[in-house]
Each structure stands twice: as C-alpha cells, then as structure tokens.
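>>> The following comprises the amino acid sequence and a computationally predicted model.
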Amino acid sequence: MDNLNDIQKIWLSANVRDLPTSGEVVRTIKNYRTNQILRTVFVIFLSLVLGAVMVHVIFFYQSVLFVTRIGEALIFIAILFLISTNLVSLKRISGRKDFTNQEFIHYLKQQQQRQIQFHKKTQAIGFVLSSAGLLLYFFETVYQHWIWMIVAYVLLILFILACWFILRPAASKRKTNRLNETINKLENISNQFLNN
C-alpha cells in the first residue's frame, strides 16, 4: 500500500501549469504548413508574372544582337527553374496533411537538410543563370557608349555581389532560424508530453 500512496502523492503534486494545451501542437503544425504554402504559392505566382513579362519581351522587343537573345533565354530558363523547384516544394508540403508530432518533427529535420542543399546547389544554379542573363541582356543597351557601359556593368556587378553576399545569406539565416525555432518548439512540446 505504501507504493500506491507514493504514486498518489506524486500524481497529485505534479505541476500541470507548464503542460501545453492539446491544440498547441496542432496549431503550430497548421501555422507552419499554411505559411509555407502561402509563401510558395506567392513565389510561383510572382514567377509566372515575371515569365509572362519575359515572354512579352522576347516576342515584342526587337533586339539587334544575338547576345541579347541569349540573355533573355537565360533569364527565362532561370524563371522556369524557380517555378519548377517551388512546384516540387508545394507538392511536398501539401502532399501529407496528417502528421503525428514525431512525423512532423522528422519532416522538419528533413526540410533542414533540403534547405541546406537548396542554398548550396539549387539557388546557386538559378542565381548564376539569372545573373549571366542579366549581364548579357543589358549589353545591347550600353555597348555603343563605353562610359555608359562601364557605369552600367559596375552597378550591375555591385548589385549581383550584394545579392549574393548580403541578401542571400541574410534570407538563408532568417529561414534557418525560423525552421529551428519551429523544430525546438515542437520538440519541447513533444518532450513534455513524453515526460508526463
């Protein structure tokens, strides 16, 4: 009988104020999924608009130099690349709706690895395509005036370097921090359920 009394004392003395509500995990998962879906759909929509503008430029802008057409093609390929990677991402995040806590944490950890690969390879490929396309596309506008050409290319190169070395790492860090916070929050909630 002593064991039963000890168990009862422990049971009654347990601190339940720190326990998460039953809907907190579900709310965290739904918020993450909804935010990811909305961001991905927005990027796809914006890419489609940019693609439509690029198609308009390709067919209605009468370029003289072949290098301009190569630049247009590279920019258009970069847009298609962006659309395809975001469609794959949208399919992955919206594909499964019913996750257990542990399955979703596992999914988020896989997402961390995919994000690292995206920043190392996929984003680099898209960035190189679009940067090369932009540099080639502007050549026709400024090639006849060497001062304008120098100014334009210095500004373009500074813009590309700022995007690569400042904006890209900042965006990557922000995404990584947001993902880590979500994983930590869900792991803490899951651990509280397991410990109690």
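All right, it came through fine.

>>> do you know how far Leu38 is from Leu90?
10 Å (C-beta to C-beta, to the nearest Å). Any C-beta I mention is one placed from the backbone N, CA and C, and that applies to glycine too.

>>> Those two: who's more crowded?
A count of neighbours by other C-beta atoms under 10 Å puts Leu90 above the other of Leu38 and Leu90, at 17 against 10.

>>> can you give me the strands for this protein?
Using DSSP state E, the chain contains no strands.

>>> in it, which helix or strand is least confident?
The weakest-scoring helix or strand in the chain, judged by mean pLDDT, DSSP states H and E, is helix 2-13 (a mean of 59).

>>> any idea which helix is longest in the chain?
helix 22-60 (DSSP state H).

>>> which strands and helices sit next to it?
Helices and strands touching helix 22-60, by 3 or more C-beta pairs under 8 Å, 6 or more residues apart in numbering; DSSP states H and E, are helix 66-95, helix 101-117, helix 168-195.

>>> Please spell out which residues along the shortest one are buried.
Buried residues in helix 101-117, counted by 16 or more other C-beta atoms under 10 Å: 101, 104-105, 107-108, 111.

>>> again with the first one
Buried residues in helix 66-95, counted by 16+ other C-beta under 10 Å: 67-69, 71-79, 81-83, 85-86, 89-90, 93.

>>> With stretch 159-172 instead?
Neighbour-count burial for stretch 159-172 [16+ other C-beta under 10 Å]: 160, 172.

>>> Skipping its backbone neighbours, what lies nearest Leu179 in space?
Gln112 (5.9 Å; C-beta to C-beta, 6 or more residues apart in numbering).

>>> For Gln144, give me the backbone phi and psi.
phi -80, psi -20 (degrees, to the nearest 10).

>>> Quick one: neighbours of it, just the number.
Count around Gln144 with other C-beta under 10 Å applied: 8.

>>> For Leu65, see how far away it is.
Shown here: Gln144 relative to Leu65, a distance of 11 Å by C-beta to C-beta.

>>> Leu129 too?
Distance from Leu129 to Leu65, by C-beta to C-beta: 19 Å.

>>> ok, those two, which is more surrounded?
Using other C-beta under 10 Å, the more surrounded residue of Leu129 and Leu65 is Leu129, with 20 against 13.

>>> Hmm, Phe81 and that one touching each other?
Yes. Leu129 lies in contact with Phe81 (C-beta atoms under 8 Å); the separation is 6.6 Å.

>>> which residues touch Leu82?
Taking C-beta atoms under 8 Å, 6 or more residues apart in numbering as the criterion, Leu82 is in contact with 43, 47, 126.
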